[in-house]
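Visitor: structure, please.
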Amino acid sequence: MPSGFYDILSPPGHRERLHMSRFSPAFCLLAALCLAAQPVTAWAARGTFTYTPPPASQMIENPTAARCYSYLDASGPTVNGTDQEAELFSGPNCSGTRHVLASTQSRKAAFRSVRFTADAIGYFSYSVASSPRALDNPTSNHCFDIEGEGKASNATDDLVLLYERTGCAGTHTAEIPARGTVRNSHFRSVLFAS
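Guide: Model (predicted):
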């Protein structure tokens, strides 16, 4: 290096020499930490991401004969784990179209009420659709551990990547473009890619 490389100009006629040895390792470390601690600007996707959580499972244990279990608003996997057949009705108070689900059978079903022909031993399990939820202006390039099933709408300006595992682990299994919607989604985490 040239001999005057580290010279600092002082008032006219005076010259001082700056030596690198004046900067201790502790000072350098402190300076590096200060630079690293500077706030990072977090970008947010503008808009709302609306999704439907998975159905909540409900259960009736040892149902009573001839009693109408009403206002269930069931939709999804249904299991008759009792020793009696279950009558599923499309309307409340055991009205409307009637379908029978035999003992120990299961299927996807939508119904509003159920009745058993005799006292039953066992359990009857059904799913109740969840209310939609929303994320407003979610942080871009951030993983959200949220679980969804069914319709998902992306009204943000980011591409949404859907993952089957939490923590956005692995490869995304589906994408929802900005201003897009999917009807049959299933995910456990999402990432808003800017």
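Visitor: who's A86 bridged to?
Guide: Going by DSSP bridges, A86 is paired in beta bridges with L101, F116.
Visitor: okay, helices next: where are they in this structure?
Guide: 25-36 (DSSP state H).
Visitor: so, low pLDDT: which residues of it?
Guide: 1-42 (pLDDT under 70).
Visitor: tell me the contacts of V128?
Guide: Contacts for V128 were tallied using Cβ atoms under 8 Å, 6 or more residues apart in numbering; they are P55, A56, S57, Q58, L72, D73, A74, S75, G76. (Each C-beta comes from the backbone N, C-alpha and C, glycine too.)
Visitor: I misspoke; the intended subject was D73.
Guide: D73 neighbours (Cβ under 8 Å, 6+ apart): R112, V128, A129.
Visitor: mind doing that once more with 7 Å?
Guide: D73 is in contact with R112, V128, counting by Cβ atoms under 7 Å, 6 or more residues apart in numbering.
Visitor: report the central residue of this protein.
Guide: I146 (1.4 Å; Cα atoms, centre = their mean).
Visitor: quickly note the distance from that one to A155.
Guide: Remark: distance between I146 and A155 (Cβ to Cβ, to the nearest Å) = 16 Å.
Visitor: now N137
Guide: Relative to A155, and taking Cβ to Cβ, N137 is found at 11 Å.
Visitor: and the contacts of V128, which are buried?
Guide: With burial judged by 16 or more other Cβ atoms under 10 Å, the buried subset of the contacts of V128 is P55, L72, A74, S75, G76.
Visitor: in a markdown table: these, plus distance to G170.
Guide: Formatted as a markdown table, those follow (distance: Cβ to Cβ, whole Å):
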| residue | distance to G170 |
| --- | --- |
| P55 | 25 |
| L72 | 36 |
| A74 | 33 |
| S75 | 30 |
| G76 | 26 |
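Visitor: let me know the closest of those to T171.
Guide: Ranked by distance to T171 (Cβ to Cβ), the buried ones among the contacts of V128 are led by P55 at 26.3 Å.
Visitor: residue contacts, that closest one?
Guide: For P55, the contacting residues are S75, G76, S127, V128, A129, S130, by Cβ under 7 Å, 6+ apart.
Visitor: how many residues are close by the closest residue to it other than its chain neighbours?
Guide: Using Cβ to Cβ, 6 or more residues apart in numbering and skipping the chain neighbours, the partner closest in space to P55 is S127 (3.6 Å). By the criterion of other Cβ atoms under 10 Å, S127 has 21 neighbours.
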